[in-house]
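Undergrad: What shape does this take:
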Amino acid sequence: MQNLATIPSGFVRVRNGRITEVAAGSPTKSLDDEKVIDARGCVLLPGFVDCHTHACWAGDRLDEWEMKLAGRSYLDILAAGGGIMSTVRAVRAASTQDLAEDLMQRLLEMAAYGTTTAEVKTGYGLETETELRMFEAIAHAARHSPLRVAATFLGAHAIDPLRSECVQMMIKETLPAVAEKYPGITVDAYCETGAWSVADCGRYFRQAKQHGCGIRVHTDQFNSLGMIPAALELGAISVDHLEAATDADLNLVAQSKTIAVGLPATAFCLGTPCIQARKFIDAGGALALATNANPGSAPVRAMPIVLSFAVREMKMTPAEAITSVTWNAACVLGMTDQCGSIAVGKSADMVLWPFKDERALGYELSGALPEIVMACGRVITPHSLAVG
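TA: Below is the predicted model:
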């Protein structure tokens, strides 16, 4: 995670949206139809890969935010029917078109801050029809967005208090319907007090694996319930959150092929500790970072703020932080052949930053926008994607 393979002065050649050459020095020749972008005085980095978001939602949670400011905890609000269930009600009432349009706007906001690939979860439907509508909204946004978008099925997001058999329905009805329509889709769950139990997550994941799906899990955000060893035994791609993970469990993850995903903006917004990143990395673990963009615990679109939290609150070096939101995040999504690094043969997903040292990303709390964002081989001008 420390080795960025920096080229102090060099060039990148792009043809038909793919990187065809990366080298030090100046290009030996220029083709007649090539456009040259002079990047002197700037840093060119891979586009950010935001590997954990809930960016498809409806409504807002401003009232609950004020409740948190007054001292109510996240789990208290969830138990009272708020939190995730508040957004579930709004999503069920929204049209698929409205969900897609809101998601497209959020993706443009992410792009303005240097994100070129974003994972987007379902999970605000908690019933077959609405979960499938969320997939339709994500697919529509993916077709019309300049970003690369990866969908994840998060049917096991919360327990619907109005449906006594919601766990059984999700495992026996919704999961098979999703897996049939989207073969090989990655399946996620939220294992926490008041949400899905370790036992129910295990049933859900075993069924998902029978359908050929990869698995990820939100776990140990507030409580350590034993999901980490279970997830590793099931071959989870990633374990996400881990703010409350024990040292022993962190060591288990560090010694496995499973990637940990830290969500420092959520810890900041909720006033909870971050994952013990320094211990985890020093133990040999692979760590990715993401925004966790959602309307409740992480109203965040900008990956640079995640980098700032990483170096200040998580004691990561700037190089580790950059690796965590590019290469390691691409590993979580299984997309290292497309994004996560600047290499010949890959899609041209690159960001030109108006500073001379990449460490400025972690140093500045609110720096300048990128000069150029290139996503999926297409140049985007961030200033034209004005937020709001």
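Undergrad: Report all helices and strands that the helix or strand residue 169 falls within contacts.
TA: Assigned by DSSP states H and E, residue 169 belongs to helix 166-169. Packed against helix 166-169 by the contact rule (3 or more Cβ pairs under 8 Å, 6 or more residues apart in numbering; DSSP states H and E) you find helix 198-210. Just so you know, the C-beta spots here come from the backbone N, C-alpha and C atoms, and that holds for glycine as well.
Undergrad: Could you identify the helix or strand that succeeds the helix it packs on?
TA: Sequence order places strand 216-219 as the next helix or strand after helix 198-210, per DSSP H and E.
Undergrad: Tell me how far the closest residue to residue 84 other than its chain neighbours lies from residue 91.
TA: Nearest residue to residue 84 in three dimensions, chain neighbours excluded: residue 158, at 4.2 Å (Cβ to Cβ, 6 or more residues apart in numbering). Per Cβ to Cβ, to the nearest Å, residue 158 is found 12 Å from residue 91.
Undergrad: sorry, back to before: buried sites along the helix holding residue 169?
TA: For helix 166-169, burial by neighbour count (16 or more other Cβ atoms under 10 Å) applies to 166, 167, 169.
Undergrad: most residues in a single strand of this structure, which one?
TA: Counting residues, the longest strand in the chain under DSSP state E turns out to be strand 148-156.
Undergrad: Tell me the strands beside that one, with direction?
TA: Sheet pairing of strand 148-156 (DSSP bridges) gives strand 115-121 (parallel), strand 186-191 (parallel).
Undergrad: right, so those strands: which one is the most enclosed?
TA: Counting by mean count of other Cβ atoms under 10 Å, strand 115-121 has the highest mean neighbour count of these, with a mean of 28.
Undergrad: Only the C-alpha atoms, please, for it, written as PDB.
TA: Extracted in PDB, the C-alpha atoms of strand 115-121 (Å, rounded to 0.1, in the frame of the first residue of the first chain):
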ATOM      1  CA  THR A 115     -14.600   9.500  -8.500                       C
ATOM      2  CA  THR A 116     -14.800   7.600 -11.800                       C
ATOM      3  CA  THR A 117     -16.200   4.300 -10.600                       C
ATOM      4  CA  ALA A 118     -19.000   3.900  -8.000                       C
ATOM      5  CA  GLU A 119     -20.600   0.900  -6.400                       C
ATOM      6  CA  VAL A 120     -24.300   1.400  -5.600                       C
ATOM      7  CA  LYS A 121     -26.300  -0.800  -3.400                       C
END
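Undergrad: For the helix or strand just after it, the averaged confidence score.
TA: Downstream of strand 115-121, the first helix or strand assigned by DSSP H and E is helix 128-144. The predicted model gives helix 128-144 an average pLDDT of 97.
Undergrad: From the rest of the structure, what touches helix 128-144?
TA: 56, 91-92, 96-97, 99-100, 103-104, 107, 120, 122-125, 148-149, 151, 153, 155, 169, 173-174, 177-178, 181-182 (Cβ atoms under 8 Å, 6 or more residues apart in numbering).
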